[in-house]
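Undergrad: predicted model and sequence follow; I will ask about them next.
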Amino acid sequence: MIFVTGGAGFIGSNFVLDWLAQTNEPVFNLDKLTYAGNLANLQALQGDGRHIFVQGDIGDTALVARLLAEHRPRAIVNFAAESHVDRSIHGAEDFIATNIVGTYRLLESARAYWSALDADARAAFRFLHVSTDEVYGSLAPGAAAFTEEHVYEPNSPYSASKAASDHLVRAWHHTHGLPVLTTNCSNNYGPFHFPEKLIPLMIVNALAGKALPVYGDGQQVRDWLYVTDHCSAIRRVLDAGTVGETYNVGGWNEKTNLSIVHTVCDLLDELAPRAGGGSYREQITHVKDRPGHDRRYAIDARKIERELGWKPAETFETGIRKTIAWYLANAEWTRDVQSGAYRDWVAAQYE
Ligand code: NAD
Ligand code: DAU
């Protein structure tokens, strides 16, 4: 079996669902269930014996050691993290605790488990660390996209904590020989995306008749990838990636934030027209910019294509249409995640 951490979050839950749709190999899923973790994402697996869930922290060394000894996974895929840049600006403590200390402890638990395996199992074992393009910092307009050789220049508390985790993973390979793989992916979007992030926030606010808060001039650029394409990239790297290597994952879909918001509004105009008429674009408002806001990210995904034959299946046009259709069909999911904690966050950030 494989051992997934953070498998109740946005990408982790998509990965677990996709994994069990593609293979019969069981998944052990360890997730702390922070505000971002949601077992409703995994409802389709209820009664499916191939999925075992335990609520817990990657930094709980005794728990992780016990679970690894009991379930004997052939691989660990680490999604668990604090993932929201704006929250890291309000307070970075949880980011340091999970993304840095938690990753360190998980690496140590993995190393102890891996060291005691027999020779064949040791050779086959993999620790795959899921990371982000934000570790590379911000690109000037027209500058070449991030390759795996790009210098690390993290600018936010979130990206600094992810950069630290990447360095720890690298060191555990270089010094201790742990068979690691790292993926650095661009912005994901799709089902189960928590409505604190740009695309789901815009969909949910638009439908609720609320303002669509665009930071600054909205000309910041992100490189968007539909979440199941990220999942297939991770599966491919786990299968065939070279130990110790990093792989950049991206969709070749650079878009400004304002153009993303326009696309969301236009699709909603088509699929769920406003009751009183007019376009959802009328709800767009420009608000104070994010401190230290990175201007542009872009991923050069040629290495993973050349070496592992991976390419995204979705274009932005197909992926965003599926995403909006999913949110329209799953209003109950959105209502349920908009808990008291969610409302507190929205009040602190936007009001
Ligand atoms: P998310 O915030 O939606 O989910 C994170 C999950 O981790 C949640 O289920 C949460 O409960 C769990 N978690 C948090 N702390 C934990 C801990 N200490 N122990 C166990 N579980 C814990 O995040 P996401 O967007 O799904 O991102 C998953 C991973 O992918 C992260 O490592 C993130 O840095 C990386 N990533 C995200 C994106 C993106 O666009 N969302 C892009 C590239 C990389
Ligand atoms: O690049 C990968 C990263 O993408 C991941 O590592 C992070 O976990 C993930 O959250 C995401 O980070 P971003 O900061 O790029 O995503 P976010 O959705 O928060 O914001 C996307 C862009 O939209 C960014 O330029 C800020 C802007 N924005 C965001 C929000 C929430 C707005 O203009 N208004 C908003 O209300």
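TA: Yep, that arrived. Numbers count the residues shown, from 1 in each chain. Ligands and ions are numbered 1, 2, ... in the order given.
Undergrad: what does the stretch 151-300 of the chain put close to ligand 2?
TA: Within reach of ligand 2 by C-beta under 6 Å from any ligand atom, the stretch 151-300 of the chain has these residues: 186-187, 197-198, 201, 213-215, 220, 222, 257, 290, 297. Heads up, the C-betas are built off the backbone N, CA and C, glycines and all.
Undergrad: ranges for the strands of this structure?
TA: 2-5, 27-31, 51-55, 75-78, 126-132, 180-185, 187-189, 212-215, 221-226, 246-249, 254-256, 284-287 (DSSP state E).
Undergrad: would TSV of those strands with mean neighbour count and mean pLDDT be doable?
TA: Listed next are the strands of the chain as TSV, based on neighbours: other C-beta atoms under 10 Å; pLDDT from 0 to 100:
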stretch	mean neighbour count	mean pLDDT
strand 2-5	26	99
strand 27-31	25	98
strand 51-55	16	97
strand 75-78	25	99
strand 126-132	24	99
strand 180-185	24	99
strand 187-189	24	98
strand 212-215	19	98
strand 221-226	23	98
strand 246-249	24	98
strand 254-256	18	98
strand 284-287	14	98
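Undergrad: and the residue of this structure that's closest to ligand 1?
TA: residue 9 (2.0 Å; C-beta to the nearest ligand atom).
Undergrad: hang on, that residue packs against residue 37?
TA: Yes - between residue 9 and residue 37 there is a contact at 5.5 Å, judged by C-beta atoms under 8 Å.
Undergrad: the more surrounded of these two?
TA: More neighbours surround residue 9 than the other of residue 9 and residue 37, with 25 against 20 (other C-beta atoms under 10 Å).
Undergrad: mind listing what the more buried one touches?
TA: Residue 9 makes contact with 31, 36, 37, 38, 41, 79, 80, 83, 194, according to C-beta atoms under 8 Å, 6 or more residues apart in numbering.
Undergrad: likewise residue 110?
TA: Counting by C-beta under 8 Å, 6+ apart, residue 110 makes contact with 68, 76, 127, 172, 178.
Undergrad: now, the most widely separated pair of those?
TA: By the measure C-beta to C-beta, 68 and 172 form the most distant pair in those, at 15.3 Å.
Undergrad: more neighbours, those two?
TA: Using other C-beta under 10 Å as the criterion, residue 68 and residue 172 rank with residue 172 on top: 23 against 20.
Undergrad: the residue of the chain closest to ligand 1 and residue 250, how far apart?
TA: 20 Å (C-beta to C-beta, to the nearest Å).
Undergrad: residue 97 now?
TA: With distances taken as C-beta to C-beta, residue 97 is found 29 Å from residue 250.
Undergrad: of those two, who's got more company?
TA: Neighbours per residue (other C-beta under 10 Å) separate residue 97 from residue 250, with residue 250 holding more: 27 against 14.
Undergrad: what does the pLDDT read for that one?
TA: pLDDT, residue 250: 98.
Undergrad: who's in contact with the closest residue to it other than its chain neighbours?
TA: Closest residue in space to residue 250, ignoring its immediate chain neighbours: residue 299 at 2.7 Å, by C-beta to C-beta, 6 or more residues apart in numbering. Residues counted as contacts of residue 299 (C-beta under 8 Å, 6+ apart) are 133, 145, 146, 184, 185, 186, 223, 248, 249, 250, 251, 252.
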